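need a structure here:
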Amino acid sequence: MPAVSFVNLLAVAAIAFVAPLLLGLFPRLRLPGVVVEIVAGILVGPAVLGWVRVDLPVQILAILGLAFLLFLAGMEIDLERLRGRALRLAGLGFAVSALLALLIGYATFALGLVRSPLLIGIILLATSLGLVVPVLKDAGEAATPFGQLVIAAASVADFGAVILLSLFFSREASSPIAKLILLAGFVLVIALVVLGVRRLERLTRLSTLLVRLQDTTAEIRVRASILLLIAFTALAQQLGLETILAAFLAGAALRLIDQDQLRTHPNFSVKLEAIGFGFLIPVFFVSSGLQFDLRALVNNSSSLLRLPLFLIALLAVRGLPALLYRGVVGGRHLLAAGLLQATSLPFIVAATAIGLELRLISPATGAALVGAGLVSVVAFPTLALTLLRRPQATPRPLQSAQSLPRGGSDG
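Model prediction:
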């Protein structure tokens with residue numbers, strides 16, 4: 001057995017355990033757990049106290065944590081909601097966001113704040129679907145036309161941002177055209193896998209076997225999901241595509257394959273979330289805090305000013321397109337939609353790490369971007385929840401009752 005120390009991993013696990021306990025002791029402190037984990041990582045890491053660092057065990061589990069986070073985010077994509085007027089508005093909103101992001105990216109480049117305007121634009125495009133959905137559930141809005149529209153917009157933003165990052169800023173050197181061809185082939189493979197597995201599941205004998213083994217120590221559905229995640233990630237790596245794209249698409253593919261989950265195996269998603277949120281994902285967020293370059297951010301006032309600038313840019317890029325929804329929602333719901341769409345952190349952390357590795361952004365810019373993401377997940381969902389809990393007229397329906405999903409899953 002190789003000589004590996006688990007002392008740093010012990011500290012990371014302790015932070016992951018204590019963070020939700022602290023939030024439970026102070027219920028009025030409405031902070032997402034990921035914020036506490038990242039801030040705790042900053043405090044105990046090299047930037048402040050220097051007690052804990054990212055070594056090999058922490059690094060490996062953090063990579064798996066990021067993959068699992070995107071895998072579960074992909075599973076949130078509900079294609080039943082991505083249709084009709086909701087899809088048109090979400091797509092139009094993303095197009096407006098892309099234009100605004102490009103303008104802001106080149107503006108920051110002209111001011112000498114960034115090295116790659118396109119990368120900054122892509123980083124500002126995403127919405128954290130995994131953080132937005134719980135807020136909508138808390139407000140009782142997830143199944144309403146308003147909630148469905150926000151979930152559709154967040155889904156399109158997450159998907160689009162991951163695709164663009166993979167095309168233009170993969171760690172593998174290749175032209176965007178070549179990557180587009182490879183991506184098309186990758187998507188074709190995914191489609192064939194989805195169709196093949198769905199046909200296999202129709203076989204009565206195999207279906208009976210899966211049901212028999214799913215809640216035993218075999219945990220056959222969980223093992224199959226992990227196999228799917230690793231297979232897609234390995235294939236993407238061989239094709240020179242970004243592995244975060246593979247993890248995201250693996251989750252979306254599993255959602256397509258496993259459409260009768262609530263009827264035949266309702267505990268399946270709970271088991272996957274237990275692996276992710278109970279073990280791997282907190283390691284990713286704490287290690288992100290450990291690697292946060294606080295000194296680069298606070299060394300001078302110009303670096304520190306980047307944080308509020310990026311926060312405003314995030315609100316402009318993802319918040320302003322919510323004005324397109326005026327024909328569907330209004331008043332506080334419109335403001336809440338803008339705030340929720342501007343909530344982003346996991347993608348910012350992942351994309352910033354890629355930018356730093358490729359030397360396309362400076363440590364100060366990376367720290368400012370992650371800091372802006374931290375502020376967005378602290379402030380924006382809290383403000384949106386406050387707006388949604390106040391009495392407000394019911395939003396006008398998006399489309400006919402026949403084309404909207406009824407109740408059902410909350411994404």
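
Show me which helix or strand of this structure is least confident by mean pLDDT.
helix 261-264 (a mean of 59; mean pLDDT, DSSP states H and E).

what's the next helix or strand after that one packed up against?
Using DSSP states H and E, the helix or strand that directly follows helix 261-264 along the chain is helix 268-275. When contacts are defined as 3 or more CB pairs under 8 Å, 6 or more residues apart in numbering; DSSP states H and E, helix 268-275 sits against helix 56-75, helix 220-239. From N, CA and C alone the C-beta is placed, and that goes for glycine too.

What lies in contact with helix 268-275?
68, 71-72, 75, 214, 219, 221-222, 225, 258, 261 (CB atoms under 8 Å, 6 or more residues apart in numbering).

ditto for stretch 64-74
129-130, 158, 162, 229, 233, 243-244, 247-255, 272-273, 275-277, 280-285, 287, 346, 350.

Tell me how far Phe71 lies from Leu100.
According to CB to CB, to the nearest Å, Phe71 and Leu100 sit 29 Å apart.

Run a quick neighbour tally on Gly74.
Gly74 has 26 neighbours, counted by other CB atoms under 10 Å.

Now restrict the contacts of helix 268-275 to buried residues only.
Buried subset of the contacts of helix 268-275 (neighbour count, 16 or more other CB atoms under 10 Å): 68, 71-72, 75, 214, 221-222, 225, 258, 261.

out of those, which one sits closest to Leu200?
Nearest to Leu200 among the buried ones among the contacts of helix 268-275 is Asp258, at 12.5 Å by CB to CB.

burial count for the spatially closest residue to Ser5 that is not a sequence neighbour?
What sits nearest to Ser5 in space, not counting adjacent residues and going by CB to CB, 6 or more residues apart in numbering, is Asp55, at 6.6 Å. Counted by other CB under 10 Å, the residues lying close to Asp55 total 16.

Please apply the same query to Leu103.
15.

Secondary structure element for it, which one?
Assignment of secondary structure by DSSP H and E places Leu103 within helix 84-110.

Ok, Ala143 next?
Using DSSP H and E, no helix or strand contains Ala143.

burial of it, as a residue count?
For Ala143, the neighbour count with other CB under 10 Å is 19.

And it, how far from Lys137?
9 Å.

try Phe17
Per CB to CB, Phe17 is found 25 Å from Lys137.

Thr217 too?
Noted for Thr217: a distance of 32 Å to Lys137, by CB to CB.

go on, Ala372?
Distance of Ala372 to Lys137, computed by CB to CB: 25 Å.

Those two: which has the busier surroundings?
Ala372 (24 against 14).

helix/strand/coil for that one?
At Ala372 the chain is in helix, as set by DSSP: H, G, I helix; E, B strand; the rest coil.

Would you mind confirming that it makes contact with Leu315?
No. Using CB atoms under 8 Å, Ala372 and Leu315 do not qualify as a contacting pair, with a distance of 9.5 Å.

what helices or strands is the host helix or strand of Leu314 leaning on?
Per DSSP H and E, Leu314 falls inside helix 301-314. Where contact means 3+ CB pairs under 8 Å, 6+ apart, helix 301-314 is packed against helix 84-110, helix 294-298, helix 363-389.

For it, give the mean pLDDT please.
Average pLDDT, helix 301-314: 86.

which residues are contacting that helix?
104, 108, 113, 124, 296-298, 342, 344, 364-365, 367-369, 371-373, 375-376.

Can you select the buried ones from those residues in PyMOL?
A single PyMOL command selects the buried members of those (16+ other CB under 10 Å):
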select buried, resi 104+108+113+124+296+297+342+344+364+365+367+368+369+371+372+373+375+376
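
Report pLDDT for the residue nearest the centre of the chain.
Nearest to the mean C-alpha position of the chain, counting by CA atoms, centre = their mean, stands Ser128 at 4.5 Å. pLDDT, Ser128: 82.

can I assume it is in contact with Gln341?
No. Contact criterion CB under 8 Å: Ser128 and Gln341 do not qualify, at 9.9 Å.

Need the residues touching each of the two.
Ala154.

that older thread, please indicate which of the contacts of stretch 64-74 are buried?
129-130, 158, 162, 229, 233, 243-244, 247-255, 272, 275-277, 280-285, 287, 346, 350.
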